[in-house]
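Enquirer: Any chance you can model this:
(one chain, ligands or ions: 1)
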Amino acid sequence: MSETASFDLTGRVCVVTGGGRGIGRSISSALAAHGAMVVMSGRSGSTLEAAVAEIRSQGGKADFIVADMQREEAVVAMAQTVAERFGPAHVLVNNAGVNAIYKGADTTTLDEWNTIIGTNLTGVFLACREFGRQMLEAGRGSIINITSIGGRVGLAKTAAYCASKGGVELMSKSIAIDWAKKGVRVNCVAPAYVETDLTSGLVDHPVLAGKITGRTPMGRFAKPDEIGGAVVYLASDASSYVTGQSIGVDGGWTGA
Ligand SMILES: NC(=O)c1ccc[n+]([C@@H]2O[C@H](COP(=O)([O-])OP(=O)(O)OC[C@H]3O[C@@H](n4cnc5c(N)ncnc54)[C@H](OP(=O)(O)O)[C@@H]3O)[C@@H](O)[C@H]2O)c1
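Expert: Next up, the predicted model:
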(Lines give C-alpha, C1' and ligand atoms only; values in the text may rest on other atoms or scores of the structure.)
Protein backbone atom coordinates (compact mmCIF):
# COMPACT_ATOMS: atom_id res chain seq x y z
CA MET A 1 0.00 0.00 0.00
CA SER A 2 1.29 3.48 -0.87
CA GLU A 3 1.88 6.00 1.91
CA THR A 4 -0.99 8.16 0.62
CA ALA A 5 -3.40 5.23 0.39
CA SER A 6 -2.72 4.23 3.99
CA PHE A 7 -4.37 7.50 5.16
CA ASP A 8 -7.44 6.87 3.00
CA LEU A 9 -10.68 6.38 4.96
CA THR A 10 -13.01 5.70 2.02
CA GLY A 11 -15.78 3.32 3.07
CA ARG A 12 -14.96 3.64 6.79
CA VAL A 13 -17.79 4.47 9.19
CA CYS A 14 -16.38 6.99 11.69
CA VAL A 15 -18.42 8.05 14.73
CA VAL A 16 -17.48 11.37 16.35
CA THR A 17 -19.20 12.17 19.65
CA GLY A 18 -19.69 15.90 20.18
CA GLY A 19 -19.09 16.27 16.44
CA GLY A 20 -21.38 19.26 15.88
CA ARG A 21 -19.08 22.03 17.09
CA GLY A 22 -15.61 22.88 18.35
CA ILE A 23 -12.82 20.31 18.05
CA GLY A 24 -15.28 17.52 17.17
CA ARG A 25 -16.59 19.55 14.25
CA SER A 26 -13.07 19.99 12.84
CA ILE A 27 -12.25 16.32 13.39
CA SER A 28 -15.43 15.36 11.52
CA SER A 29 -14.42 17.52 8.54
CA ALA A 30 -10.91 16.07 8.50
CA LEU A 31 -12.24 12.49 8.51
CA ALA A 32 -14.78 13.30 5.78
CA ALA A 33 -12.06 14.94 3.67
CA HIS A 34 -10.20 11.60 3.79
CA GLY A 35 -13.26 9.76 2.45
CA ALA A 36 -14.98 8.59 5.64
CA MET A 37 -18.71 8.32 6.26
CA VAL A 38 -18.89 10.47 9.40
CA VAL A 39 -21.66 10.02 11.97
CA MET A 40 -21.68 12.90 14.45
CA SER A 41 -23.47 12.85 17.80
CA GLY A 42 -24.37 15.39 20.47
CA ARG A 43 -27.37 16.72 22.37
CA SER A 44 -28.30 19.57 19.99
CA GLY A 45 -30.02 18.28 16.82
CA SER A 46 -29.97 21.69 15.12
CA THR A 47 -26.19 22.07 15.61
CA LEU A 48 -25.60 18.58 14.21
CA GLU A 49 -27.95 19.18 11.28
CA ALA A 50 -25.97 22.30 10.30
CA ALA A 51 -22.67 20.39 10.57
CA VAL A 52 -24.00 17.58 8.35
CA ALA A 53 -25.20 20.11 5.75
CA GLU A 54 -21.82 21.84 5.68
CA ILE A 55 -19.83 18.61 5.24
CA ARG A 56 -22.20 17.42 2.50
CA SER A 57 -21.93 20.78 0.72
CA GLN A 58 -18.18 20.19 0.56
CA GLY A 59 -18.72 16.76 -1.04
CA GLY A 60 -18.31 14.72 2.15
CA LYS A 61 -20.50 11.97 3.58
CA ALA A 62 -22.09 12.72 6.95
CA ASP A 63 -25.09 12.01 9.16
CA PHE A 64 -25.99 12.54 12.80
CA ILE A 65 -27.60 10.95 15.85
CA VAL A 66 -28.81 12.86 18.91
CA ALA A 67 -27.43 11.20 22.06
CA ASP A 68 -26.52 12.39 25.55
CA MET A 69 -23.28 10.70 26.67
CA GLN A 70 -24.42 10.91 30.30
CA ARG A 71 -27.28 8.45 29.64
CA GLU A 72 -26.35 4.78 29.26
CA GLU A 73 -29.48 3.94 27.28
CA ALA A 74 -28.72 6.76 24.81
CA VAL A 75 -25.20 5.47 24.16
CA VAL A 76 -26.48 1.90 23.73
CA ALA A 77 -29.16 3.12 21.29
CA MET A 78 -26.64 5.23 19.36
CA ALA A 79 -24.35 2.23 18.80
CA GLN A 80 -27.31 0.08 17.69
CA THR A 81 -28.54 2.78 15.30
CA VAL A 82 -25.10 3.18 13.72
CA ALA A 83 -24.83 -0.60 13.18
CA GLU A 84 -28.32 -0.79 11.66
CA ARG A 85 -27.96 2.24 9.38
CA PHE A 86 -24.31 2.13 8.37
CA GLY A 87 -22.89 -1.22 9.55
CA PRO A 88 -20.44 -1.80 12.40
CA ALA A 89 -18.33 1.30 13.07
CA HIS A 90 -14.70 1.23 11.92
CA VAL A 91 -13.67 4.25 13.99
CA LEU A 92 -14.95 5.83 17.21
CA VAL A 93 -13.72 9.28 18.26
CA ASN A 94 -14.76 9.98 21.85
CA ASN A 95 -14.61 13.76 21.71
CA ALA A 96 -17.72 14.94 23.64
CA GLY A 97 -16.63 16.57 26.86
CA VAL A 98 -17.33 19.31 29.37
CA ASN A 99 -15.49 21.40 31.89
CA ALA A 100 -18.36 23.18 33.59
CA ILE A 101 -16.36 24.72 36.42
CA TYR A 102 -13.08 26.35 37.39
CA LYS A 103 -12.90 26.03 41.16
CA GLY A 104 -10.95 24.32 43.90
CA ALA A 105 -11.77 20.82 45.13
CA ASP A 106 -12.82 22.34 48.49
CA THR A 107 -15.80 24.07 46.83
CA THR A 108 -16.69 21.56 44.11
CA THR A 109 -20.12 20.03 44.62
CA LEU A 110 -20.90 16.36 44.04
CA ASP A 111 -23.29 17.35 41.23
CA GLU A 112 -20.48 19.26 39.47
CA TRP A 113 -18.08 16.33 39.96
CA ASN A 114 -20.67 13.83 38.66
CA THR A 115 -21.49 15.89 35.55
CA ILE A 116 -17.84 16.09 34.50
CA ILE A 117 -16.94 12.49 35.38
CA GLY A 118 -20.25 11.25 33.93
CA THR A 119 -19.67 12.89 30.55
CA ASN A 120 -15.88 12.75 30.18
CA LEU A 121 -15.07 9.38 31.77
CA THR A 122 -18.20 7.22 32.17
CA GLY A 123 -19.57 8.36 28.79
CA VAL A 124 -16.29 7.40 27.11
CA PHE A 125 -16.31 4.00 28.86
CA LEU A 126 -19.88 3.34 27.68
CA ALA A 127 -19.07 4.26 24.06
CA CYS A 128 -15.90 2.13 24.14
CA ARG A 129 -17.93 -0.80 25.45
CA GLU A 130 -20.83 -0.50 22.98
CA PHE A 131 -18.86 0.33 19.81
CA GLY A 132 -16.02 -1.93 20.96
CA ARG A 133 -18.37 -4.93 20.87
CA GLN A 134 -19.19 -4.17 17.22
CA MET A 135 -15.52 -3.76 16.39
CA LEU A 136 -14.51 -6.98 18.17
CA GLU A 137 -17.19 -8.91 16.31
CA ALA A 138 -15.95 -7.43 13.03
CA GLY A 139 -12.33 -8.15 14.04
CA ARG A 140 -11.17 -4.58 13.37
CA GLY A 141 -11.53 -1.03 14.60
CA SER A 142 -9.82 2.07 15.95
CA ILE A 143 -10.93 4.03 19.01
CA ILE A 144 -9.51 7.51 19.56
CA ASN A 145 -10.21 9.22 22.86
CA ILE A 146 -9.73 12.98 23.04
CA THR A 147 -8.16 13.68 26.40
CA SER A 148 -6.13 16.76 27.38
CA ILE A 149 -2.85 17.90 28.85
CA GLY A 150 -5.04 17.85 31.99
CA GLY A 151 -4.97 14.06 31.74
CA ARG A 152 -1.17 14.07 31.91
CA VAL A 153 -0.30 16.93 34.29
CA GLY A 154 -2.24 18.71 37.00
CA LEU A 155 -3.95 21.97 36.05
CA ALA A 156 -5.29 24.47 38.60
CA LYS A 157 -8.97 24.51 39.65
CA THR A 158 -9.96 21.55 37.47
CA ALA A 159 -9.74 18.50 39.77
CA ALA A 160 -12.77 16.76 38.24
CA TYR A 161 -11.68 17.52 34.68
CA CYS A 162 -8.12 16.29 35.29
CA ALA A 163 -9.45 13.18 37.05
CA SER A 164 -11.74 12.45 34.09
CA LYS A 165 -9.06 12.93 31.44
CA GLY A 166 -6.37 11.08 33.40
CA GLY A 167 -8.89 8.28 33.86
CA VAL A 168 -9.49 8.07 30.11
CA GLU A 169 -5.75 8.01 29.40
CA LEU A 170 -5.22 4.92 31.59
CA MET A 171 -8.54 3.27 30.71
CA SER A 172 -7.49 3.52 27.05
CA LYS A 173 -4.15 1.83 27.73
CA SER A 174 -5.90 -0.98 29.60
CA ILE A 175 -8.52 -1.61 26.89
CA ALA A 176 -5.77 -1.41 24.26
CA ILE A 177 -4.08 -4.42 25.87
CA ASP A 178 -7.35 -6.37 26.13
CA TRP A 179 -8.22 -5.90 22.46
CA ALA A 180 -4.75 -5.75 20.85
CA LYS A 181 -4.86 -9.31 19.47
CA LYS A 182 -8.45 -8.87 18.30
CA GLY A 183 -7.79 -6.13 15.74
CA VAL A 184 -9.12 -3.19 17.76
CA ARG A 185 -6.69 -0.36 18.55
CA VAL A 186 -7.26 2.23 21.28
CA ASN A 187 -5.31 5.50 21.48
CA CYS A 188 -5.66 9.04 22.80
CA VAL A 189 -5.08 12.52 21.41
CA ALA A 190 -4.28 15.04 24.14
CA PRO A 191 -4.60 18.73 23.16
CA ALA A 192 -3.55 21.73 25.21
CA TYR A 193 -5.65 24.90 25.00
CA VAL A 194 -7.73 25.15 21.80
CA GLU A 195 -9.91 28.10 20.77
CA THR A 196 -13.48 26.76 21.20
CA ASP A 197 -16.61 27.46 23.26
CA LEU A 198 -14.99 25.45 26.07
CA THR A 199 -12.17 27.99 26.43
CA SER A 200 -14.06 31.14 25.40
CA GLY A 201 -13.59 32.57 28.90
CA LEU A 202 -9.82 32.07 28.67
CA VAL A 203 -8.89 33.22 25.16
CA ASP A 204 -9.61 36.91 25.86
CA HIS A 205 -9.02 36.83 29.62
CA PRO A 206 -6.77 39.76 30.63
CA VAL A 207 -4.56 37.60 32.88
CA LEU A 208 -5.15 33.93 32.12
CA ALA A 209 -4.68 34.17 28.34
CA GLY A 210 -1.16 35.49 28.82
CA LYS A 211 -0.37 32.87 31.48
CA ILE A 212 -1.46 30.09 29.10
CA THR A 213 0.42 31.37 26.06
CA GLY A 214 3.43 32.14 28.26
CA ARG A 215 3.48 28.52 29.51
CA THR A 216 3.03 27.06 25.99
CA PRO A 217 6.34 26.67 24.10
CA MET A 218 4.64 27.64 20.83
CA GLY A 219 3.25 30.73 22.57
CA ARG A 220 -0.36 30.48 21.37
CA PHE A 221 -3.66 28.62 21.63
CA ALA A 222 -4.36 25.93 19.00
CA LYS A 223 -7.01 26.34 16.31
CA PRO A 224 -9.58 23.49 16.26
CA ASP A 225 -8.40 22.31 12.84
CA GLU A 226 -4.93 21.55 14.23
CA ILE A 227 -6.25 18.46 16.08
CA GLY A 228 -7.72 16.50 13.15
CA GLY A 229 -4.41 15.41 11.61
CA ALA A 230 -3.49 13.21 14.58
CA VAL A 231 -7.00 11.74 14.57
CA VAL A 232 -6.88 10.90 10.85
CA TYR A 233 -3.52 9.19 11.43
CA LEU A 234 -4.86 7.08 14.32
CA ALA A 235 -8.09 6.30 12.44
CA SER A 236 -6.28 5.08 9.34
CA ASP A 237 -4.07 2.14 8.37
CA ALA A 238 -1.08 4.52 8.59
CA SER A 239 -1.12 3.73 12.35
CA SER A 240 -1.81 -0.02 12.02
CA TYR A 241 0.89 -0.98 14.60
CA VAL A 242 0.00 1.79 17.08
CA THR A 243 -2.11 1.06 20.15
CA GLY A 244 -2.17 2.12 23.81
CA GLN A 245 -0.55 5.47 22.94
CA SER A 246 -1.39 9.10 23.61
CA ILE A 247 -0.32 11.78 21.15
CA GLY A 248 0.11 15.21 22.70
CA VAL A 249 -1.08 17.94 20.30
CA ASP A 250 -0.14 20.65 22.71
CA GLY A 251 2.28 23.18 21.22
CA GLY A 252 5.05 21.57 23.26
CA TRP A 253 3.33 21.93 26.68
CA THR A 254 4.10 18.42 28.00
CA GLY A 255 7.41 18.17 26.18
CA ALA A 256 8.91 21.22 27.83
N1 LIG B 1 -10.85 23.42 23.94
C2 LIG B 1 -9.76 23.03 24.58
O3 LIG B 1 -8.89 23.82 24.93
C4 LIG B 1 -9.54 21.55 24.87
C5 LIG B 1 -8.28 21.15 25.31
C6 LIG B 1 -8.02 19.82 25.58
C7 LIG B 1 -9.03 18.89 25.42
N8 LIG B 1 -10.27 19.30 24.99
C9 LIG B 1 -11.30 18.26 24.85
O10 LIG B 1 -11.75 18.23 23.51
C11 LIG B 1 -13.11 17.83 23.48
C12 LIG B 1 -13.93 18.85 22.72
O13 LIG B 1 -13.80 20.11 23.36
P14 LIG B 1 -14.25 21.48 22.69
O15 LIG B 1 -13.27 22.49 23.14
O16 LIG B 1 -14.51 21.30 21.25
O17 LIG B 1 -15.61 21.73 23.48
P18 LIG B 1 -16.95 22.48 23.04
O19 LIG B 1 -16.67 23.46 21.95
O20 LIG B 1 -17.56 22.94 24.31
O21 LIG B 1 -17.82 21.27 22.43
C22 LIG B 1 -18.18 20.20 23.25
C23 LIG B 1 -18.86 19.16 22.39
O24 LIG B 1 -19.24 18.06 23.26
C25 LIG B 1 -20.64 17.84 23.13
N26 LIG B 1 -21.17 17.39 24.42
C27 LIG B 1 -20.99 17.97 25.63
N28 LIG B 1 -21.65 17.28 26.58
C29 LIG B 1 -22.26 16.26 25.94
C30 LIG B 1 -23.10 15.20 26.37
N31 LIG B 1 -23.49 15.04 27.65
N32 LIG B 1 -23.55 14.31 25.43
C33 LIG B 1 -23.20 14.45 24.14
N34 LIG B 1 -22.41 15.43 23.68
C35 LIG B 1 -21.95 16.32 24.57
C36 LIG B 1 -21.23 19.15 22.65
O37 LIG B 1 -22.40 18.96 21.90
P38 LIG B 1 -23.88 19.33 22.48
O39 LIG B 1 -23.75 20.59 23.26
O40 LIG B 1 -24.74 19.41 21.26
O41 LIG B 1 -24.25 18.16 23.32
C42 LIG B 1 -20.13 19.67 21.73
O43 LIG B 1 -20.26 19.13 20.45
C44 LIG B 1 -13.54 17.68 24.95
O45 LIG B 1 -13.44 16.34 25.33
C46 LIG B 1 -12.52 18.52 25.69
O47 LIG B 1 -12.34 18.10 27.02
C48 LIG B 1 -10.54 20.60 24.71
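
Enquirer: I'd like the distance between the residue most central in space within the chain and the ligand.
Expert: The structure's the chain has its C-alpha centroid closest to Asn95; by Cα atoms, centre = their mean the separation is 2.4 Å. Separation of Asn95 from the ligand (Cβ to the nearest ligand atom, to the nearest Å) stands at 5 Å. All C-beta spots, glycine's among them, are computed from the backbone N, C-alpha and C.

Enquirer: dump the residue contacts of Gly252.
Expert: Gly252 sits next to 216-218 when contact means Cβ atoms under 8 Å, 6 or more residues apart in numbering.

Enquirer: list the contacts for the residue of the stretch 51-200 of the chain found nearest the ligand?
Expert: Among all residues of the stretch 51-200 of the chain, Gly97 sits closest to the ligand, at 2.3 Å; criterion: Cβ to the nearest ligand atom. Taking Cβ under 8 Å, 6+ apart, we find Gly97 in contact with 18, 119-120, 146, 164, 198.

Enquirer: and if you look at Ser246?
Expert: 147, 151-152, 169, 172, 187-190.

Enquirer: Let's test this: mean pLDDT of the lengthiest strand in the chain, rounded?
Expert: When the chain is parsed with DSSP state E, its longest strand is strand 184-191. In this model, strand 184-191 has a mean pLDDT of 98.

Enquirer: do the same with stretch 245-256
Expert: pLDDT averaged over stretch 245-256 gives 95.

Enquirer: heading toward the C-terminus, what's the first helix or strand past the strand or helix carrying Val75?
Expert: In the assignment (DSSP states H and E), Val75 maps to helix 72-86. Using DSSP H and E, the helix or strand that directly follows helix 72-86 along the chain is strand 91-94.

Enquirer: packing partners for that following strand?
Expert: Contacts defined by 3 or more Cβ pairs under 8 Å, 6 or more residues apart in numbering; DSSP states H and E place strand 91-94 against strand 13-17, helix 22-33, helix 123-138, strand 141-146, helix 228-235.

Enquirer: can we see that at 6 Å?
Expert: Applying 3 or more Cβ pairs under 6 Å, 6 or more residues apart in numbering; DSSP states H and E, one finds that strand 91-94 makes contact with strand 13-17, helix 123-138, strand 141-146.

Enquirer: Show me the contact partners of the very next helix or strand once past it.
Expert: Going down the chain from strand 91-94, the next helix or strand is helix 110-117, by DSSP H and E. With contact meaning Cβ atoms under 6 Å, 6 or more residues apart in numbering, helix 110-117 is reached by 100-101, 160-161, 164.

Enquirer: if we can go back for a sec, return the angle between stretch directions for the longest strand of the chain and helix 228-235.
Expert: With axes from the mean of the first three to the mean of the last three Cα atoms, to 10 degrees applied, the angle from strand 184-191 to helix 228-235 works out at 170 degrees.
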